[in-house]
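> Sharing a model that was predicted from the sequence below.
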Amino acid sequence: MKITVIGAGAIGGNLAVKLSAAGHDVQVADARGPEAVRAEVLESGARAAELADAVQDRDVIVLAIPFGVVGKLADLFASVPAETVVIDTSNYYPGMLSEPIEAVDNGQVESVWNAEQLGRPVVKAWNAALAETQRTRGLPAGTPGRIAIPVAGDFEEARRVAMRLVDDTGFDAYDAGPLADSWRQQPNSPAYCTELTLDELPAALAAADRAKDARIRDSVPDRFATLPADATLADVVEMNRAAHR
């Protein structure tokens, strides 16, 4: 499959490496130019590309960019065919990683807002796993205890494509339904960055509470401050789980 990852940070780099290793034709593009793509990402076989060129003739485009900036790509995507699957990995952390966005603060689902800004449908995937989880915790299909990742989108074929790619990166994919329901995998829901299995994930999605989860999200800086300076991935995952006990 021909895949472009837009964004050369931790998430984008992880996905480029994993998808390239799975045999896909992967390009990585960044608004800062091809030189922003780290050498270790390219060692996997992925190729750095100019942003304008990277969206042409691709089967899938993965957006691994900060929440709130996708609208800047709307003109770029105007020429992208409707059948190209676009996957959104972003998360909204107002006042921390994102500028406040009134529509989202008033209840609009994050990826629904992103789809409107981009002017085309998107699938929500990979947002509910920490970058270090993505990098180190992937396992072959069928391995007991494999971590599951929710995938939401309005079109079945696009969800199916995204779910296949999630599997290729080492995680079980869970069909989380339409994009309007993807608030259940937003920060800091019970399903968000808690490393659950395919058996555990449905109950966590069902337990989501928009008001409570937003309060937990907004308390992230204070909760991180309680962790030791040498906190591990396991410490962060436990912190996320404990917030819902």
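Thanks, I have it.
> tell me the contacts of the residue nearest in space to the middle of the chain?
The structure's the chain has its C-alpha centroid closest to residue 89; by CA atoms, centre = their mean the separation is 2.4 Å. By CB atoms under 8 Å, 6 or more residues apart in numbering, the residues touching residue 89 are 11, 15, 62, 63, 64, 124, 125, 126, 127. (Each C-beta comes from the backbone N, C-alpha and C, glycine too.)
> Can you read off the pLDDT for the nearest residue to it once chain neighbours are set aside?
Nearest residue to residue 89 in three dimensions, chain neighbours excluded: residue 126, at 4.5 Å (CB to CB, 6 or more residues apart in numbering). For residue 126, the pLDDT comes out at 98.
> so of the contacts of residue 89, which ones are in helices?
Using DSSP state H, the members of these that fall within helices are 11, 15.
> In strands, which of the contacts of residue 89 fall?
Secondary structure defined by DSSP state E assigns 62, 63, 124 of those to strands.
> Please verify my assumption that the first one contacts residue 12.
Yes. Look at residue 62 against residue 12 with CB atoms under 8 Å: they come within range, at 7.4 Å.
> Between the two, which contacts overlap?
Common neighbours of residue 62 and residue 12 (criterion: CB under 8 Å, 6+ apart): 5, 6.
> Could you find the closest non-adjacent residue to residue 36?
What sits nearest to residue 36 in space, not counting adjacent residues and going by CB to CB, 6+ apart, is residue 30, at 4.1 Å.
> And the pLDDT at that neighbour?
Looking at residue 30, its pLDDT is 92.
> how close does it sit to residue 124?
From residue 30 across to residue 124, the span is 21 Å (CB to CB, to the nearest Å).
> Residue 108 now?
According to CB to CB, residue 108 stands 14 Å off from residue 124.
> before we move on, the earlier item: contacting residues around the residue nearest to residue 89?
Taking CB under 8 Å, 6+ apart as the contact definition, residue 126 lies against 11, 15, 62, 87, 89, 134, 149, 166, 169.
> Who wins on neighbours among these?
residue 15 (30 neighbours; other CB atoms under 10 Å).
> Next, the contact list for that one, please.
So residue 15 contacts 5, 62, 64, 89, 126, 134, 169 (CB under 8 Å, 6+ apart).
> Rebuild these as CSV, extending it with distance to residue 212.
Below are the contacts of residue 15 laid out as CSV (distance: CB to CB, whole Å):
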residue, distance to residue 212
5, 33
62, 30
64, 28
89, 24
126, 24
134, 26
169, 30
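> Which single one of these is nearest to residue 78?
The closest of these to residue 78 turns out to be residue 62 (CB to CB; 18.7 Å).
> partner residues bridging the closest one?
Residue 62 forms beta bridges with residue 5, residue 87, as assigned by DSSP bridges.
> the more surrounded of residue 30 and residue 124?
Set side by side, residue 30 and residue 124 show more neighbours around residue 124, with 30 against 22, by other CB under 10 Å.
> Check whether that one really touches residue 151, as I assumed.
Yes. At 7.0 Å, residue 124 counts as touching residue 151 under the criterion of CB under 8 Å.
> Next, show the common contact partners of these two.
Residues within reach of residue 124 and of residue 151 at once, by CB under 8 Å, 6+ apart, are residue 176.
> Find the helix or strand that the residue lying closest to residue 167 once chain neighbours are set aside is a member of.
Nearest residue to residue 167 in three dimensions, chain neighbours excluded: residue 173, at 5.5 Å (CB to CB, 6+ apart). Residue 173 is part of strand 172-175, with elements assigned from DSSP states H and E.
> quick one: average pLDDT of that strand?
Taken as a whole, strand 172-175 has an average pLDDT of 98.
> same thing with stretch 182-201?
Taken as a whole, stretch 182-201 has an average pLDDT of 98.
> May I have that stretch as PDB, with CA atoms only?
The C-alpha trace of stretch 182-201 is given here as PDB (Å, rounded to 0.1, in the frame of the first residue of the first chain):
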ATOM      1  CA  SER A 182     -14.700   8.800  18.600                       C
ATOM      2  CA  TRP A 183     -15.000  11.100  21.700                       C
ATOM      3  CA  ARG A 184     -14.900   7.800  23.600                       C
ATOM      4  CA  GLN A 185     -11.200   7.500  22.700                       C
ATOM      5  CA  GLN A 186     -10.300  11.200  23.200                       C
ATOM      6  CA  PRO A 187      -8.100  12.400  26.100                       C
ATOM      7  CA  ASN A 188      -8.400  11.200  28.900                       C
ATOM      8  CA  SER A 189     -11.100   8.600  28.600                       C
ATOM      9  CA  PRO A 190     -10.800   5.100  30.100                       C
ATOM     10  CA  ALA A 191      -9.700   3.800  26.700                       C
ATOM     11  CA  TYR A 192      -7.000   6.500  26.200                       C
ATOM     12  CA  CYS A 193      -3.400   5.400  26.700                       C
ATOM     13  CA  THR A 194      -4.300   2.700  29.200                       C
ATOM     14  CA  GLU A 195      -2.900  -0.300  27.100                       C
ATOM     15  CA  LEU A 196      -6.000  -2.400  27.100                       C
ATOM     16  CA  THR A 197      -6.500  -5.700  25.300                       C
ATOM     17  CA  LEU A 198      -9.200  -6.400  22.700                       C
ATOM     18  CA  ASP A 199     -11.300  -8.000  25.400                       C
ATOM     19  CA  GLU A 200     -10.900  -5.000  27.800                       C
ATOM     20  CA  LEU A 201     -11.300  -2.200  25.300                       C
END
